[in-house]
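Asks: Here is my input; please provide its structure:
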Amino acid sequence: MNYDIEKLLDVFTIFSQNKQKLDKLRIAKLLYFIDKAHLRKYGRVVLGDRYYHMKRGPAPSQTLDLLNELLDDEFEYSVVDSKINKDILSIYLEVNDQYGFKLKKMSDFGALSISEKEVIGEVLKEYGSLRTWQLIDIAHEDATCKRTKKNKEIDYYLFLEGLPEEERELIKGLIKIDTENQRYVDKLENGCYT
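Replies: Numbers count the residues shown, from 1 in each chain. Down below sits the predicted model:
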């Protein structure tokens with residue numbers, strides 16, 4: 001699964017249009033609920049981020065690294081893909097306070113699919129009016145936190161807890177195919193064809 005900064009910026013635009021405060025914790029929790037819901041319903045995550053069980057619950061690592069880099073000039077996030085960096089993010093976001101951001105330009109990438117927009121709407125309807133601490137509490141009750149040690153990567157399979165066995169197995173197969181496809185693409189990009 002490749003991380004998609006254009007989708008992230010489209011999500012931030014939707015958050016802003018729906019009067020969501022753009023602070024790191026709120027962003028992290030809403031993205032978690034979006035990716036979890038989309039995976040459970042459609043068999044894939046939206047952003048392609050990796051989640052870790054941190055002190056305040058599940059956290060999207062690449063997104064937080066990008067936001068931290070924007071907040072702190074001394075924080076350096078390096079990634080092979082030059083399209084994913086602070087310079088692109090800073091065109092659309094500006095620092096608003098110690099942990100928050102303000103959208104300075106709406107994105108119009110159109111990178112989100114119909115199903116992704118649908119799930120974002122559902123998540124904002126369900127969680128958008130809650131305070132950030134309530135989102136943290138809800139996320140801590142998920143199997144993803146209960147079954148993953150702190151500071152460790154959360155297995156996407158844990159997003160599927162509570163689904164009927166047949167649905168879980170089907171989505172696990174889709175995750176496996178997506179992972180294998182990504183390995184193949186990575187090999188092609190790195191010039192390794194065997």
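Asks: show me where this structure has strands.
Replies: Assigned by DSSP state E, the chain shows strands spanning 22-23, 51-54, 57-60, 93-95, 100-103.
Asks: export those to a markdown table and tack on mean pLDDT and distance to Gly121?
Replies: (Each C-beta comes from the backbone N, C-alpha and C, glycine too.) Shown next, in a markdown table, are the strands of the chain (pLDDT from 0 to 100; distance: least, C-beta to C-beta, whole Å):
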| stretch | mean pLDDT | distance to Gly121 |
| --- | --- | --- |
| strand 22-23 | 94 | 18 |
| strand 51-54 | 96 | 21 |
| strand 57-60 | 96 | 19 |
| strand 93-95 | 92 | 22 |
| strand 100-103 | 92 | 18 |
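Asks: quick one, which of these is nearest to Lys7?
Replies: strand 57-60 (11.9 Å; C-beta to C-beta).
Asks: Among the strands of the chain, show me which one is buried the most.
Replies: strand 57-60 (a mean of 24; mean count of other C-beta atoms under 10 Å).
Asks: Give the other helices and strands that it contacts.
Replies: helix 24-42, strand 51-54, helix 132-140, helix 143-146 (3 or more C-beta pairs under 8 Å, 6 or more residues apart in numbering; DSSP states H and E).
Asks: ok, and what's touching stretch 142-159?
Replies: 35-36, 39-40, 45, 50-55, 57-58, 61, 139, 161-162, 168, 172, 175 (C-beta atoms under 8 Å, 6 or more residues apart in numbering).
Asks: Of those residues, which count as buried by neighbour count?
Replies: 35-36, 39-40, 45, 50-54, 57-58, 61, 139, 168, 175 (16 or more other C-beta atoms under 10 Å).
Asks: follow-up on the earlier one: can you tell me which of the strands of the chain comes nearest to Leu8?
Replies: strand 57-60 (9.0 Å).
Asks: Pull up the pairing partners for that closest one, direction included.
Replies: strand 51-54 (antiparallel) (DSSP bridges).
Asks: So for the longest helix along the chain, mean pLDDT?
Replies: With secondary structure taken from DSSP state H, the chain has its longest helix at helix 165-189. Throughout helix 165-189, pLDDT has a mean value of 83.
Asks: So what angle separates the directions of it and helix 24-42?
Replies: 110 degrees (axes from the mean of the first three to the mean of the last three C-alpha atoms, to 10 degrees).
Asks: Helix 165-189 - contacts with which helices or strands?
Replies: helix 24-42.
Asks: how about the helix it packs on as CSV, C-alpha atoms only?
Replies: C-alpha atoms of helix 24-42 as CSV (Å, rounded to 0.1, in the frame of the first residue of the first chain):
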residue,chain,number,x,y,z
LYS,A,24,-2.5,16.3,15.4
LEU,A,25,-4.5,14.2,17.8
ARG,A,26,-7.8,14.8,16.2
ILE,A,27,-6.4,14.2,12.7
ALA,A,28,-4.7,10.9,13.9
LYS,A,29,-7.9,9.5,15.4
LEU,A,30,-10.2,10.5,12.6
LEU,A,31,-7.8,9.0,10.0
TYR,A,32,-7.7,5.8,12.1
PHE,A,33,-11.5,5.5,12.1
ILE,A,34,-11.6,6.3,8.4
ASP,A,35,-9.0,3.7,7.4
LYS,A,36,-10.6,1.1,9.8
ALA,A,37,-14.1,1.7,8.4
HIS,A,38,-13.0,1.6,4.8
LEU,A,39,-11.0,-1.5,5.2
ARG,A,40,-13.8,-3.3,6.9
LYS,A,41,-16.4,-2.2,4.3
TYR,A,42,-14.3,-2.2,1.1
